[in-house]
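Novice: the following comprises the amino acid sequence and a computationally predicted model.
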Amino acid sequence: MTDATMPPPITVKAPSPGKYRWLIMWLLFAAMVINYVDRQMIGVLKPTLSAEFGWSETDYADIVFWFQASYALFYAIWGRLMDRIGARFGLGIAFAIWQVGHILHGGARDLTHFIMARMLLGVGEAGGFPGGIKAVTEWFPKKERALATGLFNAGTNIGAIVTPLLVPALVLAFGWQMAFLVTGLLGLIWLPIWLLVYRKPRDQKRLSATELAYIEQDPADPAEKVGWLKLLTVKETWAYALGKFLIDPIWWMFLFWLPDFLGKRYGLDLKTFGPPLVAIYLLSDVGSVGGGWLSSRLMHRGVSLNVARKVTMLICALLAVPVMFAAFASNVWIAVLIIGIATAAHQGFSANLYALPGDVFPRSAVGSVVGIGGMLGGVGGMIFSKYVGQVLEKIGTYTPIFIVAGSVYLIALLVVHLITPKYAPAKV
């Protein structure tokens, strides 16, 4: 038989590894939706509550500051707890605490009450991302972690979209107190589902052997536990933590002050700023998923982990630069486009930064590293919230705030690259 008459070679398609791990991701996505509904409500209600209680700009900044203080402190604690007790019970306990804190807002009667409720909310919500990143590290191989992180992180944007659509209707119909109660009770539905579904991959009987092998395809981690003090001496810890210190405050600012900016600059109110906020956070979702997808896609094409992560972060950092000029936009929708691209850039950048601990640290240390980074991110948020309050109180314009927001991502990428130029496994 000649070559010309030879039958074509038979190709055998590799079996699908299974999809159970994506159920875990969607549960994390749902938790982030609830997390951000609870978190953003104070920003949506800022004009209403400021008028009722007579808050100044610095009063409101103090509420944000104390939320971030408890969030920063407990982020590190939750990170350690996730490594010790696991994502199932760790995230479950954190979720229950933050829902209780959210519901208690409905009973607040003065500034002190709001600060106390926000602090309890911060205690619980600090466990959200350490638990989520821990779960992703347990359930996804390295080449899928940025995508999975970007997808569940997109839940934050959906929460931010739902809030300005749902909350004004609840407030206008039942009052702001009932808005906190109703959203808090509805959110509690998630908790029993999580506890019933989540197990580590090897303990989950519904997981196929093929998918388990796919999840565990990366080299095995060292069995030795890594302490906090040891992690603080590892440069990769600081690459992640300083990156969070620089970029987290910008996201806090968008979350807590965007309704105020739209109100002061364009005259929007509780009834009208919903569509602009929805548009901004829809764009954020594109950035969250797109940033995770791009670095994963580059890796599938053979690009190194180091280059894939940093090229994606560079693109996102450049897309954030135009937000410096957002306050000069003459039309609200031009401002929405500029800010929406910047929030999308943040989410894409963040998805890849969140992947760093899982990329370079053993699984047993991921929660602790995420906790340390989140703590520094919270500290950065505390400092920046005071800065925002002072700027608005004394200058009355968002321009200096947006200038910082547009420049900080390039600085963060430079810091990450200088500390870990090769993006190699950490020596712990």
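Specialist: On my side now, so go ahead.

Novice: where does pLDDT dip in this protein?
Specialist: The model of the chain has pLDDT under 70 over residues 1-16, 221-224.

Novice: list the contacts for the spatially most central residue of it?
Specialist: By CA atoms, centre = their mean, the chain has its centre lying nearest to residue 153, at 5.2 Å. Going by CB atoms under 8 Å, 6 or more residues apart in numbering, residue 153 touches 32, 132, 288, 292, 347, 350-351, 354. C-beta coordinates here come from the backbone N, C-alpha and C atoms, glycine included.

Novice: repeat for residue 305
Specialist: 142, 299, 359, 423.

Novice: do you know how far it is from residue 424?
Specialist: Per CB to CB, to the nearest Å, residue 305 is found 9 Å from residue 424.

Novice: follow-up on the earlier one: please indicate which of the contacts of residue 153 are buried?
Specialist: 32, 132, 288, 292, 347, 350-351, 354 (16 or more other CB atoms under 10 Å).

Novice: and these, which is closest to residue 252?
Specialist: residue 350 (12.2 Å; CB to CB).

Novice: my guess is the closest one meets residue 247, correct?
Specialist: Yes - assessed by CB atoms under 8 Å, residue 350 is found in contact with residue 247 at 6.6 Å.

Novice: about what we covered before: kindly reformat the buried ones among the contacts of residue 153 as CSV containing secondary structure.
Specialist: CSV is the format used below for these (DSSP: H, G, I helix; E, B strand; the rest coil):
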residue, secondary structure
32, helix
132, helix
288, helix
292, helix
347, helix
350, helix
351, helix
354, helix
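
Novice: ok, those residues vs residue 263, which is closest?
Specialist: residue 347 (23.9 Å).

Novice: that older thread, just send the buried ones among the contacts of residue 153 back as CSV, with distance to residue 121 too.
Specialist: Conversion of those to CSV gives the following (distance: CB to CB, whole Å):
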residue, distance to residue 121
32, 15
132, 17
288, 22
292, 27
347, 22
350, 21
351, 24
354, 21
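
Novice: residues in contact with residue 32?
Specialist: Residue 32 sits in contact with 128, 132, 152-156, 158-159, where contact means CB under 8 Å, 6+ apart.

Novice: in helices, which of those residues fall?
Specialist: The members of the contacts of residue 32 that map onto helices under DSSP state H are 128, 132, 152-156, 158-159.

Novice: in TSV, list those along with distance to residue 60.
Specialist: Shown next, in TSV, are the ones in helices among the contacts of residue 32 (distance: CB to CB, whole Å):
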residue	distance to residue 60
128	23
132	28
152	30
153	26
154	28
155	26
156	21
158	25
159	21
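
Novice: need the buried ones from the residues you listed selected in PyMOL.
Specialist: Buried members of the ones in helices among the contacts of residue 32, defined by 16+ other CB under 10 Å, are picked up in PyMOL with:
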select buried, resi 128+132+152+153+154+155+156+158+159
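
Novice: specify which member of the ones in helices among the contacts of residue 32 is nearest to residue 384.
Specialist: Ranked by distance to residue 384 (CB to CB), the ones in helices among the contacts of residue 32 are led by residue 156 at 18.2 Å.

Novice: how close does that closest one get to residue 297?
Specialist: Taken as CB to CB, the span from residue 156 to residue 297 is 22 Å.

Novice: next, the distance between the ends of stretch 93-112.
Specialist: This stretch, stretch 93-112, spans 25 Å end to end (CA to CA, to the nearest Å).

Novice: starting at the chain centroid, how far to that stretch?
Specialist: Here the centre of stretch 93-112 is set off from its chain's centre by 20 Å, with CA atoms, centre = their mean, to the nearest Å.

Novice: for stretch 38-53, same thing?
Specialist: Distance, centroid of stretch 38-53 to centroid of chain: 21 Å (CA atoms, centre = their mean).

Novice: just the terminal-to-terminal distance for that stretch.
Specialist: Using CA to CA, the two ends of stretch 38-53 sit 20 Å apart.

Novice: numbering from 829 from now on, please.
Specialist: That works, and once the first residue is 829, the last one we named lands at stretch 866-881.

Novice: returning to what we had before: let's see which of the contacts of residue 1133 end up in strands.
Specialist: Using DSSP state E, no member of the contacts of residue 1133 sits in strands.

Novice: ok, and the most crowded of those?
Specialist: Most neighbours among these, by other CB atoms under 10 Å: residue 1187, with 23 neighbours.

Novice: return the distance of it relative to residue 964.
Specialist: 11 Å.

Novice: ok, and the closest non-adjacent residue to residue 1075?
Specialist: Take residue 1075 and drop its neighbours on the chain: the residue closest to it by CB to CB, 6 or more residues apart in numbering is residue 1240, 5.2 Å away.

Novice: what's the answer for residue 1097, then?
Specialist: Residue 1097 sits nearest to residue 1091 (CB to CB, 6+ apart), 6.2 Å away.

Novice: in which helix or strand does residue 853 reside?
Specialist: Using DSSP states H and E, residue 853 maps to helix 848-872.

Novice: any buried residues in that helix, and which?
Specialist: By neighbour count with 16+ other CB under 10 Å, helix 848-872 contains the buried residues 848-849, 852-853, 855-872.

Novice: rewinding a little: show me which of the contacts of residue 981 is closest to residue 1069.
Specialist: residue 1182 (12.4 Å).

Novice: what ranges does the stretch 829-978 of the chain have for its helices?
Specialist: For the stretch 829-978 of the chain, applying DSSP state H, counting those that start in this stretch gives helices covering 848-872, 874-881, 885-932, 939-953, 956-967, 970-1002.

Novice: so which of the ones you listed is nearest residue 1235?
Specialist: Across those, closest to residue 1235 is helix 885-932 (CB to CB), at 21.3 Å.

Novice: which neighbouring elements make contact with the closest one?
Specialist: helix 848-872, helix 874-881, helix 939-953, helix 956-967, helix 1004-1015, helix 1018-1025, helix 1063-1094, helix 1191-1222 (3 or more CB pairs under 8 Å, 6 or more residues apart in numbering; DSSP states H and E).

Novice: repeat that for 7 Å
Specialist: helix 848-872, helix 939-953, helix 956-967, helix 1004-1015, helix 1018-1025, helix 1191-1222 (3 or more CB pairs under 7 Å, 6 or more residues apart in numbering; DSSP states H and E).

Novice: now, of those helices, which is deepest in the fold?
Specialist: Counting by mean count of other CB atoms under 10 Å, helix 956-967 has the highest mean neighbour count of the helices and strands packed on helix 885-932, with a mean of 28.

Novice: ok now that helix, how far from the chain's centre?
Specialist: For helix 956-967, the distance to the chain centre is 12 Å (CA atoms, centre = their mean).
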